[in-house]
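In: coordinates for the following, if possible.
(one chain, ligands or ions: 1)
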Amino acid sequence: MKFNEYEYNRPDMNEIKAKYNELINNFELAATFEKQDDCLASINQINADFNTMESIAYVRHTVNTTDEFYDREIDFFDENKPLFEGLNNKYYKALTKATFRDQLEQKWGSQLFVLADLKLKTFKEEIVADLQNENKLVSEYKKLIASAKIEFEGKERNLSQLKPFFESKDRNQRKEAQKAYWSFFRENNDKIDDIYDKLVRIRTSIAEKLGYDNFTQLGYDRMERSDYGIAQVVNFRKQVNKYLTPLTVNLRDRQKKRIDVDKLYYYDTPFQFTTGNAKPHGDAAWMINNASRMYSQLSPETEEFFAMMQESGLMDLETKKGKAAGGYCINFSNYKTPFIFSNFNGTAGDVDVLTHEAGHAFQNYSSRNLGIEEYYWPTAEACEVHSMGMELLTWPWMDLFFEEEADKYKFTHMGSALSFIPYGSIIDEFQHEVYANPDWTPAERDKAFRKIERKYKPDIDYEDNDYLEKGSFWKKQGHLFFMPFYYIDYCLAQICALQFWKKYQEDKTGTWEDYMKLCQAGGSKPFTVLLDLANLESPFKDGCIKSVVDPISNWLDEIDDSNF
Ligand code: ZN
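Out: Modelled structure (predicted):
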């Protein structure tokens with residue numbers, strides 16, 4: 001069946017409410033395991049139906065935002081989702097107290113119950129008003145960022161429209177573009193500080209109402225981390241600082257020589273090559289064609305998967321009028337299929353969509369028969385192992401897209417993967433300090449940020465930009481506002497994905513099998529258990545980062561980037 005044949009019907013909330021409540025009641029009263037298990041299956045189906053309809057509406061809305069029908073349907077979900085989540089919460093409560101919990105756990109695995117426990121720990125009726133306020137503040141931040149109108153080179157632009165100028169060959173132009181970009185944050189600094197201040201206070205108060213000491217552990221629980229805690233993350237960052245900070249300083253030193261500047265200022269870092277970045281050598285149809293060749297050569301499983309995605313119309317990749325911005329991967333439970341959405345723009349990022357988002361989609365497709373709605377996607381750090389892993393496992397086919405520029409692409413790809421990790425660690429360490437010190441003033445926060453920044457990126461030079469020099473860079477990092485403690489997930493995942501990169505060079509078949517195992521397990525297990533399953537070392541373990549960094553460092557040393 002093709003995506004455009006998927007039937008959409010608005011969920012009937014009254015019917016759902018009655019049916020769901022009845023099933024929860026039957027679940028609680030079930031006299032046998034079989035009866036309780038049947039109720040679980042029926043509840044799961046209600047979830048699958050609701051989620052499928054929401055996904056269909058969301059995709060059709062983002063593909064064409066001018067379609068009034070789906071615009072209204074999105075409003076419907078915005079309004080009714082909290083009601084549905086309330087029902088889910090009742091179900092999770094019943095699950096944790098299930099009469100036949102042992103047998104249910106044996107059949108479905110314990111992860112569903114772990115997730116249910118976490119959901120209950122992070123919610124109470126009495127925090128509903130606080131949650132609404134938290135959401136309001138997040139929307140306020142997003143609106144403020146989206147409202148940016150900056151005069152630059154005779155034209156009014158938003159923040160993302162300034163970014164192409166960051167890579168300008170003209171040094172003065174890239175400096176001016178950065179100045180213009182940061183002028184928006186400087187002008188709105190008090191507003192942003194105020195929003196963040198309120199967010200920290202509300203989150204701290206929610207944590208206290210739920211019985212936590214401060215927000216940090218609640219943040220972890222919201223991220224559904226059940227198998228590691230703050231101490232492990234601290235140890236991870238310590239290793240990042242020890243092994244990745246010097247490596248990335250060295251990479252920037254090479255960049256300085258490559259682009260021929262006496263000093264690499266903050267506005268020089270996005271400018272990688274005097275000859276420009278590697279770009280795919282063809283249009284969208286050509287790229288998709290090559291992706292299809294790539295996936296048929298990578299493995300029988302990816303061949304079948306990519307053919308299915310194409311035949312069923314489950315990718316919308318090209319930019320069109322009326323289409324929403326950005327890119328994502330989503331799934332339709334009832335059809336057991338994923339969907340990839342993106343806006344191709346002719347840069348290497350298009351190829352990243354075909355590998356990164358396809359990695360997410362491939363995982364979802366590989367775990368489509370797990371039978372539990374909560375298992376189709378794992379927790380966020382595990383999700384990014386599939387996507388970042390796929391980006392690296394497809395390296396041998398990059399010449400299909402970049403031809404003679406393939407090595408340049410790989411060098412850039414590896415460099416940005418590595419450089420991201422210290423940055424992600426800065427953001428993470430900063431949040432830990434912020435929530436440990438909820439009474440800090442905005443000035444104290446900025447000061448703390450700059451101190452952490454210096455630790456992980458000692459060479460960063462803001463030249464005459466006093467705004468960044470006083471520690472304001474974090475104000476553009478939306479994750480701090482809308483999803484606290486999320487950011488480190490990308491760093492954890494990247495270290496795991498890089499392990500796949502290393503192993504694939506030594507043993508293609510075995511590494512692919514491990515990757516498949518990881519994808520097939522979906523979200524049925526917590527992060528570190530998934531890693532065991534895929535024969536990956538936990539990034540929290542001493543020695544893990546070093547074992548990844550050493551071979552990469554050797555690989556980088558062998559590349560003559562002065563040619564790029
Ligand atoms: Zn991703």
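
In: please make it C-alpha for all contacts and neighbour counts, starting now.
Out: Noted.

In: for the stretch 151-300 of the chain, what spans make up the strands?
Out: For the stretch 151-300 of the chain, the strands defined by DSSP state E, counting those that start in this stretch cover 155-157.

In: hang on, Asn89 packs against Leu120?
Out: Yes: the pair formed by Asn89 and Leu120 meets the contact definition of CA atoms under 8 Å, at 7.1 Å.

In: now do the contacts for the residue nearest to Tyr212 when sequence neighbours are not counted.
Out: If the residues on either side of it in the chain are set aside, Tyr212 comes closest to Leu218, at 6.9 Å by CA to CA, 6 or more residues apart in numbering. Leu218 sits next to 122, 207, 212 when contact means CA atoms under 8 Å, 6 or more residues apart in numbering.

In: which stretches of the stretch 301-450 of the chain have low pLDDT?
Out: Along the stretch 301-450 of the chain, no part satisfies pLDDT under 70.

In: where do the strands of it begin and end?
Out: Counting by DSSP E, counting those that start in this stretch, the strands of the stretch 301-450 of the chain are 315-316, 328-332, 337-341.

In: mind putting these into JSON lines with distance to Ser366 and mean neighbour count?
Out: JSON lines is the format used below for the strands of the stretch 301-450 of the chain (distance: least, CA to CA, whole Å; neighbours: other CA atoms under 10 Å):
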{"stretch": "strand 315-316", "distance to Ser366": "17", "mean neighbour count": "18"}
{"stretch": "strand 328-332", "distance to Ser366": "12", "mean neighbour count": "20"}
{"stretch": "strand 337-341", "distance to Ser366": "10", "mean neighbour count": "23"}
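
In: rewinding a little: from Leu120, how far off is the residue nearest to Tyr212?
Out: As judged by CA to CA, to the nearest Å, Leu218 and Leu120 stand 12 Å apart.

In: returning to that earlier point: tell me which of the contacts of Leu218 fall in helices.
Out: Ala207 (DSSP state H).

In: what about the closest residue to Thr204 other than its chain neighbours, how many neighbours?
Out: Closest residue in space to Thr204, ignoring its immediate chain neighbours: Phe215 at 5.0 Å, by CA to CA, 6+ apart. Phe215: 25 surrounding residues under other CA atoms under 10 Å.

In: likewise for Leu118?
Out: Residues contacting Leu118 under the criterion other CA under 10 Å number 20.

In: gap between the closest residue to it other than its chain neighbours and Ser42?
Out: Closest residue to Leu118 apart from its sequence neighbours, by CA to CA, 6+ apart: Asp221 at 6.0 Å. Distance, Asp221 to Ser42, by CA to CA: 27 Å.

In: could you pull out the helices for the stretch 401-550 of the chain?
Out: Assignment of helices within the stretch 401-550 of the chain using DSSP state H, counting those that start in this stretch yields the ranges 406-436, 442-456, 466-469, 479-482, 488-506, 508-520, 527-533, 544-557.

In: tell me the buried residues in the longest one?
Out: Under the neighbour-count criterion of 16 or more other CA atoms under 10 Å, helix 406-436 has 406-413, 415, 417-435 buried.

In: so how far is that helix off the chain centroid?
Out: 13 Å (CA atoms, centre = their mean, to the nearest Å).

In: that one to helix 442-456, inter-axis angle?
Out: When axes from the mean of the first three to the mean of the last three CA atoms, to 10 degrees is applied, the directions of helix 406-436 and helix 442-456 differ by 140 degrees.

In: and helix 406-436, what does it pack onto?
Out: Judged by 3 or more CA pairs under 8 Å, 6 or more residues apart in numbering; DSSP states H and E, helix 406-436 is in contact with helix 189-209, helix 215-222, helix 245-258, helix 442-456, helix 488-506.

In: can you tell which of these is closest to Leu468?
Out: Across the helices and strands packed on helix 406-436, Leu468 has its closest neighbour in helix 442-456 (8.4 Å, CA to CA).

In: hey, what's the angle from that closest one to helix 189-209? Just curious.
Out: Going by the same axes, to 10 degrees, helix 442-456 makes 90 degrees with helix 189-209.
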